[in-house]
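> this one's sequence-less:
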């Protein structure tokens, strides 16, 4: 097997430039590419933070319904008084509903 001299594997000098690339293009790439990457990363972080804040806020109505029902049950209210009075067809409605379970996890009322 033929040995390849190590000079072929050496890195080019740090200040070496390609002869066909204009110095302005090199400077623009040196300045703008890292800036574009940083701006894109910052935009992604801000988007993620706003999206998570809005998503977590979507849980608030359901949490409020569960806390209200638990507070009324702890105050001694009857099971039927905690449930909404209207019936909901789950297959065609996006309206919230309440299910009540006992301590062992069995459905008591809905």
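Structure received. For clarity, every value in this text was computed on a predicted model and none was experimentally measured. Residues are numbered from 1 along each chain as shown.

> how about the strands of the protein, start to end?
Under the criterion DSSP state E, strands of the chain are mapped to 100-101, 107-109.

> Would you format those strands as TSV with mean pLDDT included?
TSV is the format used below for the strands of the chain (pLDDT from 0 to 100):
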stretch	mean pLDDT
strand 100-101	88
strand 107-109	87
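
> from the chain's centre, how far out does stretch 71-88 sit?
Using CA atoms, centre = their mean, to the nearest Å, the mean C-alpha position of stretch 71-88 is found 34 Å from that of the whole chain.

> that older thread, buried deepest among the strands of the chain, which one?
When the strands of the chain are scored by mean count of other CB atoms under 10 Å, the highest mean neighbour count falls to strand 100-101 (a mean of 13). (Each C-beta comes from the backbone N, C-alpha and C, glycine too.)

> Show me the contact partners of it.
Among residues not part of strand 100-101, those counted as contacts by CB atoms under 8 Å, 6 or more residues apart in numbering are 69, 73, 79, 82-83, 107-110.

> what about 10 Å?
Applying CB atoms under 10 Å, 6 or more residues apart in numbering, the external contacts of strand 100-101 come out as 69-70, 73, 79-80, 82-83, 107-110.

> OK, contacts around residue 20?
If you count contacts by CB under 10 Å, 6+ apart, residue 20 has none.

> and the contacts of strand 100-101, which are buried?
Burial by neighbour count, 16 or more other CB atoms under 10 Å: within the contacts of strand 100-101 this picks out 69, 82-83.

> before we move on, back to that, for residue 87, which of the strands of the chain is the nearest?
Among those, the nearest to residue 87 by CB to CB is strand 107-109 (12.8 Å).

> so who does residue 98 touch?
Residue 98 makes contacts with 62, 65-66, 68-69, 82-84, 88, 109-110, as judged by CB under 10 Å, 6+ apart.

> mind listing what residue 77 touches?
With contacts defined as CB under 10 Å, 6+ apart, residue 77 is in contact with 69, 71.
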